[in-house]
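# I need the structure of the sequence given here:
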Amino acid sequence: MRLTSTLTLAACLFFSLPAAAQKADAPAAKGAADEVEKKVATEIAENWATAPVAEVTKSKAMKVAVGGRTIGYTATAGTLTIRNAAGKPTASIFYTAYTAPGAGGKARPVTFLYNGGPGSASLWLRMGSFGPVRVRTTDPNAVAPAPFHVDANPDTLIGSTDMVFIDTVGSGYSRPLGDTKPADFYGVDQDVDAFAKAITRYVIKNKRWGDPKYILGESYGTTRSGALAYQLEDQGVTLNGVILLSSIMNYGIRQSGFDTIHVGYLPSYAATAWYHNRVADKPDLATFVEQARAFANGPYAAALAKGQDISAAEEDAVARDLSRFTGLSVDYLKRANLRVDLGRFRKELLRDQRATVGRFDSRYVGTDDDAAGETPEYDASSTGITGAYISSFQDYLTRELGYETELTYRRSAREGGEFKWDWSHKAPDDRTQNVADVTADLSQAMRINPHLRVLSLNGYYDMATPFFSTERDLKHMMLPANLQPNLQFRYYPAGHMVYLNPEALRQMRIDLERFYAEGAR
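Alright, predicted model coming up:
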């Protein structure tokens, strides 16, 4: 606006002069306008909010009480600069790290953590899971507006491992550098390459080559982890463990026309119906879920595979069993051809109560304008916590750690505009998949490194990444008998963000402490 108004004033003054004066003063007026434009451009350039090319760190010594003992640790907010093969800086990667001294000089594990999206920043894991501080949440209720409560986290993993939380390029404070295009990072393989470089850079910069290394991804972060595990192994960065939280390993099942997704959802529908008391004569949750697994893998999968050739008698029988597990009426299930999409289930289950259930966590209940629609208007399990996490992290970062930047913290790279994800993936056999399935990558990594252990963490009420689909994908890695014990599963009475449930977080922390202890040598 300053430049526009200045040029407009100059033009008015110029054209009010006599013609001769105008002709004589034309070069001077043009020179003045050029000077103004140059000055404004310089001012803009000097105040442009850009990510730093030179790496930045801001650290602070802190303490936290864990399991009856006080642990001193260093909290660091900073950036890592990654480069292309020619050495040109291509992106500045923002991270926060929590590190503590090793006991008795022993090597100390370091775990790299990240969220999914794709394109999501990692503030959810950073402020909700295993860091030394976390947002206090109640379960399963929407968090009240500010003031928010950020407390010392009694379930932090700082007693077992150092933690480095990484924001993907375009999210958080991570940005491309120079003329590097954001699209160069927006894809399955492009994203994995950036994370491999960032992790390797952190290892080099902090001299962590000799320490045990783990990666922990949530949601799409598990897709990243499957491919990343193989790429790091292939590049000589040997991993000790891969931790998968709320997984989706194969996006191919979401393609239209495949029945696999319906089979994968059924046990999650059953858990949700159980929780909302839509199950008659219900046993305990674990037993009911196991019954749903058996039905899904057996009669239900067989019925769906027949398509329109299913007999009326078999359709009736399957619909009755399906009604028992889902809490939906036999008539509704038959009208849906035994295939109930997630949105329809979330709307239909509690329709008589004029309520909907959440997607990320089906224990959360929402209310639409009316009860006549086909799908919910919003996800009550998402809107209930977003504000608390964003505000708390910004306050913690600036007030507690003293990290300052002119950049805007983005929840997702999508907020930067022009976000289009490349879903193709080059598998270890060099074949290009149109839609990524990274189970082959993780399987290959486990075969290359027979000491690599994988822990799958799952919420019963997670309907964004249903646990049974995760089981089916990981159990189709076809691991030899000697490697099968390296794959473990754990389940919690929680949703996609398991750590929102304080009791589930505590059990998950105990399970992870055991996982790290088993990997110690």
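# wait, what's in contact with Lys58?
76-78, 401-403 (Cβ atoms under 8 Å, 6 or more residues apart in numbering). For the C-beta atoms, the positions are set from N, CA and C on the backbone; glycine is no exception.
# which ones among these are found in strands?
Using DSSP state E, 76-78 are the members of the contacts of Lys58 that sit in strands.
# and which of those is nearest to Arg509?
Nearest to Arg509, judged by Cβ to Cβ, of these is Thr76 at 22.0 Å.
# show me the contacts for the closest one.
By Cβ under 8 Å, 6+ apart, Thr76 lies in contact with 57-60, 95-99.
# you'd agree Gln190 is in a helix?
Yes. Assessed with DSSP: H, G, I helix; E, B strand; the rest coil, Gln190 lies in a helix.
# Begin at 14, not 1, for the rest of this chat.
Taking 14 as the first residue, the last one we looked at is Gln203.
# Contacts only, for it.
Taking Cβ under 8 Å, 6+ apart as the criterion, Gln203 is in contact with 197, 435.
# Helices of the stretch 14-163 of the chain, start to end?
15-28, 32-60, 136-141 (DSSP state H, counting those that start in this stretch).
# And for the stretch 314-463 of the chain?
Going by DSSP H, counting those that start in this stretch, the stretch 314-463 of the chain shows helices at 314-318, 325-339, 343-348, 355-361, 393-396, 399-408, 452-461.
# Check which helices and strands the fourth one is in contact with.
Helix 355-361 is packed against helix 273-288, strand 369-370, with contacts defined by 3 or more Cβ pairs under 8 Å, 6 or more residues apart in numbering; DSSP states H and E.
# Can you say which of the ones you listed is nearest to Asp435?
For the helices and strands packed on helix 355-361, the distance to Asp435 is smallest for helix 273-288, at 22.1 Å, taking Cβ to Cβ.
# got the contact list for the closest one?
With Cβ under 8 Å, 6+ apart, helix 273-288 has contacts from 266-267, 292, 295, 298, 301-302, 304-306, 308-310, 313-314, 317, 335, 338-340, 351-353, 355, 358, 362, 370, 375-376, 473-476, 479-482, 485.
# the bottom helix or strand of this protein by mean pLDDT?
helix 15-28 (a mean of 44; mean pLDDT, DSSP states H and E).
# quick one: low-confidence parts of the chain?
For the chain, applying pLDDT under 70 flags the ranges 14-39, 53-54, 56-61, 116-118, 151-160, 396-398, 534.
# Do I have it right that Ile95 meets Ala104?
Yes. Between Ile95 and Ala104 there is a contact at 5.2 Å, judged by Cβ atoms under 8 Å.
# joint contacts of those two?
Common neighbours of Ile95 and Ala104 (criterion: Cβ under 8 Å, 6+ apart): Ala207.
# Turn the helices of the stretch 314-463 of the chain into TSV, including distance to Leu257 and mean neighbour count.
Compiled in TSV, those are given as follows (distance: least, Cβ to Cβ, whole Å; neighbours: other Cβ atoms under 10 Å):
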stretch	distance to Leu257	mean neighbour count
helix 314-318	24	15
helix 325-339	26	17
helix 343-348	32	15
helix 355-361	21	20
helix 393-396	20	20
helix 399-408	22	18
helix 452-461	9	22
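# Any idea which of those helices gets closest to Val511?
Once these are compared by Cβ to Cβ, helix 393-396 is nearest, at 12.2 Å.
# before we move on, the earlier item: of all the helices and strands packed on helix 355-361, which lies closest to Gln248?
helix 273-288 (32.5 Å).
# Figure out how far that closest one is from the centre of its chain.
Centroid displacement of helix 273-288 relative to its chain, using Cα atoms, centre = their mean, to the nearest Å, is 22 Å.
# That helix to helix 325-339, inter-axis angle?
With axes from the mean of the first three to the mean of the last three Cα atoms, to 10 degrees applied, the angle from helix 273-288 to helix 325-339 works out at 50 degrees.
# then helix 273-288 to PDB, C-alphas only?
In PDB, the C-alpha atoms belonging to helix 273-288 read as follows (Å, rounded to 0.1, in the frame of the first residue of the first chain):
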ATOM      1  CA  THR A 273     -10.800 -55.200   2.300                       C
ATOM      2  CA  ILE A 274     -11.500 -51.900   4.000                       C
ATOM      3  CA  HIS A 275     -14.900 -53.100   5.200                       C
ATOM      4  CA  VAL A 276     -13.300 -56.200   6.700                       C
ATOM      5  CA  GLY A 277     -10.700 -54.000   8.400                       C
ATOM      6  CA  TYR A 278     -13.300 -51.700   9.900                       C
ATOM      7  CA  LEU A 279     -15.600 -54.300  11.400                       C
ATOM      8  CA  PRO A 280     -13.700 -54.900  14.800                       C
ATOM      9  CA  SER A 281     -13.500 -51.100  15.300                       C
ATOM     10  CA  TYR A 282     -17.300 -50.800  14.700                       C
ATOM     11  CA  ALA A 283     -17.700 -53.600  17.200                       C
ATOM     12  CA  ALA A 284     -15.600 -51.900  19.800                       C
ATOM     13  CA  THR A 285     -17.500 -48.600  19.300                       C
ATOM     14  CA  ALA A 286     -20.900 -50.300  19.500                       C
ATOM     15  CA  TRP A 287     -19.700 -52.000  22.700                       C
ATOM     16  CA  TYR A 288     -18.700 -48.700  24.200                       C
END
